[in-house]
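Trainee: no sequence for this one, just the structure:
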């Protein structure tokens, strides 16, 4: 499968965006609200990468959105949450309420 430039940009941005999303996200939000925010960011990334790579067509836009969503989710659950960076940013930028849970250690 040949990946386009817009798909590669969507994946790269998706991998780097969880700390940025954590600035807006609040620890007290439910999982559904956090997922909705992530999907909204993936839609914006997909639209932007397709547009700026001159591939703004239906299939390309959807593929970029899905690529960004998968990259954001995988990066968050494999790098940013276990390292404690994203939960730490959430707690530091929280407007109140409960604090972020501690990252799960190995084997948890």
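Mentor: Nice, thanks for sending it over. Everything quoted here is computed from the prediction, not taken from an experiment. Residues are numbered from 1 along each chain as shown.
Trainee: Would you map the helices across the protein?
Mentor: 5-16, 18-24, 31-52, 58-75, 85-92 (DSSP state H).
Trainee: what bits of this protein have low per-residue confidence?
Mentor: Within the chain, the stretches with pLDDT under 70 are 97-108.
Trainee: how about a cut-off of 90?
Mentor: Within the chain, the segments meeting pLDDT under 90 span 1-3, 95-108.
Trainee: what's the nearest residue to the residue most central in space within it if we skip its chain neighbours?
Mentor: With distances taken as Cα atoms, centre = their mean, residue 72 lies nearest the centre of the chain, 3.2 Å away. Using Cβ to Cβ, 6 or more residues apart in numbering and skipping residues adjacent in sequence, the residue nearest residue 72 is residue 14, 4.4 Å away. Any C-beta I mention is one placed from the backbone N, CA and C, and that applies to glycine too.
Trainee: And residue 85, how far from residue 16?
Mentor: Using Cβ to Cβ, to the nearest Å, residue 85 is found at 12 Å from residue 16.
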